[in-house]
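[1] test case, fold it:
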Amino acid sequence: SGFAKGLDYRPGDKFKGSDYNHSWNAVLIDNNWYLVDSHWATRYLVSEKNMPENLVYEYDDFYFLTDPEQLVYSHWAHRKEWQLLVQPITLQDFENLPLVKSYFFKCAMFFVSHHNGVVDTKKGRIALTLGYCKPTNFTYKITFADTGEEMYQGQKLKNFALQHHG
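    Predicted coordinates:
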């Protein structure tokens, strides 16, 4: 058990105490340990509102025998040996990681710059670089860290972003 960046999580949030919010499994197959989250592998919400009509039952194989180096972006085991990482991370390190979903890794995307979930800008400007191994489409959200607001003077912050394919 440990913490997971679920529905209510926002970049910059801090987890407190030892009242862990999620559990998943480690399975031993041919003398190797693997991680499985059967809960996240079988369903997801199509909205940020946790209501039965927003729940979709659909298999996501990402959460079955997941690479620990990828699962650690969303799941932090409080006992470091169950992170199954060569270099286990602290809770603070986990909190600082970007919030990404399974599709990010399924598309073989990775971070080239800015490995933190909250990034400070210089004079309101930033260049964020992501890598990918195969053509893909993705979405993103830009918000003010302190308020979570997506608007600035009546405009979505997303309107101020440029995507460059290089």
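
[2] mind checking pLDDT for the nearest residue to Val119 once chain neighbours are set aside?
    Leaving aside its sequence neighbours, Val119 sits nearest to Ile126 (Cβ to Cβ, 6 or more residues apart in numbering; 6.0 Å). In short, each C-beta sits where N, CA and C put it, glycine included. pLDDT, Ile126: 79.

[3] how close does Ile126 get to Tyr34?
    37 Å (Cβ to Cβ, to the nearest Å).

[4] check Glu95 too.
    For Glu95, the distance to Tyr34 - Cβ to Cβ - is 25 Å.

[5] for Ile142, the count of nearby residues, please.
    13 (other Cβ atoms under 10 Å).

[6] also Ala4?
    21.

[7] please begin residue numbering at 703 from this point
    Got it, the first residue is 703 from now on, which makes the last one we talked about Ala706.

[8] just the buried residues of stretch 757-770, please?
    For stretch 757-770, burial by neighbour count (16 or more other Cβ atoms under 10 Å) applies to 762, 764-766, 768, 770.

[9] picking that back up, the more surrounded of Glu797 and Tyr736?
    Neighbour count, other Cβ under 10 Å: between Glu797 and Tyr736, Glu797 has more, with 20 against 16.

[10] counting neighbours, what do you get for the nearest residue to that one once chain neighbours are set aside?
    Spatially, and ignoring its direct neighbours in sequence, Glu797 is nearest to Lys716 (5.8 Å; Cβ to Cβ, 6+ apart). A count of nearby residues for Lys716, using other Cβ under 10 Å, gives 7.

[11] could you check how far Lys716 is from Lys707?
    Taking Cβ to Cβ, one finds Lys716 at 12 Å from Lys707.
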